[in-house]
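> Got a predicted structure here, sequence first:
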Amino acid sequence: MLNFKKIEMNDIPTLKAYYSAYPARQCDRSAGATVMWRDYFENQYAIIDGTIIFSSKFKGELCFAYPIGRNIDGALDAIEEHCKENNIPMILCSVNKNELTNVLNKYPCSNADADRDWFDYLYDKDALLNLIGRKYATPRNHINKFRKLYSDWTFEAIVPDIIPELIEFTKNFTFNSEKDESANLELQMCCEVLENYETYGMLGAVLKVNGNVIGYSIGEIIGDTLFCHIEKADISYAGAYQMLTNQYLRMYASGDYVKYVNREEDCGDEGLRKSKLSYHPVELIEKNTVIVRKD
C-alpha cells in the first residue's frame, strides 16, 4: 500500500537525490519545480523499493508521475493497486515519449493525450549562449542595445543581503499582458523561493542598472541540463530579458558539463510561446497524460 506524504521544504534533499541519480531533461523532474509548485498541484510523494512516486492534481484530476528509481514496473503495479483500493482511475501525468513507450507496452489499451501548452522548451546551451548566426539576430541585437543604453549595468550572484530587495521587486512586478490567477500565484512562489533561498539550494543571479535591481534568474543544474525556474525582468529596460538570459548562462553554464537549457513551458501564453520559439529550441519535450486501461 502506498502512503503518500505532502511535500515540504525539508524534503528537498530527498528529492534532489532521486532527480540527480536518475536525471531527465524535463522540468517536472527537478526539485525546484516540484517544491516551488507543491501547493498549486498538491504534490505528494511515496517511496517503495527504492523508487519514488509523485501524486498531483492536474486539471482537477488526481494523477501520478512516471516513477523514478530502480523498480519502475513494481512502482507502476503499486500505483495500479492504490487506484483500485481507492476506487479511482489510474492517470499518469507528465509522461515523456520514452516513458510513454514503456507505459503502452505494459498497458496497450491506454489513452494518451499530449497537451502542447505543457511542453518544455529545451535548447542547445552553446547556441543559446553564443547566439551565432542570422536566426539569433533579434536577441543578439537586443543585448547590444542594452549594452549601449545602460553602460552602468552589473550582473552578480544572489547573496543574502540582496534578497529583501528582490522580494520587493517581485511584489511590485507587473506583467506585460493580462495574466490569470496562476501567474499571480507564481509571484508568490517566487517570493517563497527567495525567502528560503539557502534551503532551496539553487543558483541565482541579479541584473542591476545604476545599482538598482531590474531582473533576476534562479535555476538549478541536474545532469547535463540547466533548468531556469524563475526569470523576471523590468521590460522598461530595453533588452533586459535577453541580457538576463545570456548573462545567467555565462555565469552558471559556461562549462562543458552543461549541454542543454530547459526554460520550462509556455502554459498556452502566446507572447511567451513566441518569445521561447524565437530562441530556436532543439526539442519541445512532449508530456502526456495517460488514462491507463488494462483491457
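The structure has been received and is ready for your questions.
> what are the ranges of the helices in the stretch 101-250 of the chain?
Taking DSSP state H, counting those that start in this stretch to define them, one finds helices in the stretch 101-250 of the chain at 125-130, 137-149, 163-171, 181-195, 197-200, 240-252.
> most tightly surrounded among these?
helix 240-252 (a mean of 22; mean count of other C-beta atoms under 10 Å). No exception for glycine: its C-beta is placed from N, CA and C like everyone else's.
> Just the CA trace of it, in CSV.
In CSV, the C-alpha atoms belonging to helix 240-252 read as follows (Å, rounded to 0.1, in the frame of the first residue of the first chain):
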residue,chain,number,x,y,z
ALA,A,240,16.6,43.3,-20.1
TYR,A,241,15.3,39.8,-20.6
GLN,A,242,17.8,38.9,-23.3
MET,A,243,20.6,40.3,-21.3
LEU,A,244,19.4,38.4,-18.2
THR,A,245,19.2,35.1,-20.0
ASN,A,246,22.6,35.5,-21.6
GLN,A,247,24.5,36.6,-18.5
TYR,A,248,22.8,33.8,-16.4
LEU,A,249,24.2,31.2,-18.8
ARG,A,250,27.6,32.8,-18.8
MET,A,251,27.7,32.7,-15.0
TYR,A,252,26.4,29.1,-14.5
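> right, and the helix or strand after it?
strand 260-262 (DSSP states H and E).
> What helices and strands are in contact with the next helix or strand after that following strand?
Sequence-wise, the next helix or strand downstream of strand 260-262 (DSSP H and E) is helix 270-277. Judged by 3 or more C-beta pairs under 8 Å, 6 or more residues apart in numbering; DSSP states H and E, helix 270-277 has no packing partners among the helices and strands.
> if we can go back for a sec, TSV please, covering the helices of the stretch 101-250 of the chain and showing mean pLDDT.
Below are the helices of the stretch 101-250 of the chain laid out as TSV (pLDDT from 0 to 100):
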stretch	mean pLDDT
helix 125-130	96
helix 137-149	97
helix 163-171	97
helix 181-195	89
helix 197-200	98
helix 240-252	97
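> what's the first-to-last distance across stretch 115-124?
23 Å (C-alpha to C-alpha, to the nearest Å).
> tell me which residues of the top strand by length along the chain are tucked away?
Looking only at the chain and at elements set by DSSP state E, the strand with the highest residue count is strand 212-222. Residues Val213, Ile214, Gly215, Tyr216, Ser217, Ile218, Gly219, Glu220, Ile221, Ile222 are the ones in strand 212-222 that count as buried (16 or more other C-beta atoms under 10 Å).
> what's the angle from that strand to helix 137-149?
140 degrees (axes from the mean of the first three to the mean of the last three C-alpha atoms, to 10 degrees).
> now for strand 212-222, which elements pack on it?
Secondary elements touching strand 212-222 (3+ C-beta pairs under 8 Å, 6+ apart): helix 31-36, helix 163-171, strand 203-209, strand 225-233, helix 240-252.
> out of these, which comes closest to Ile72?
helix 31-36 (18.3 Å; C-beta to C-beta).
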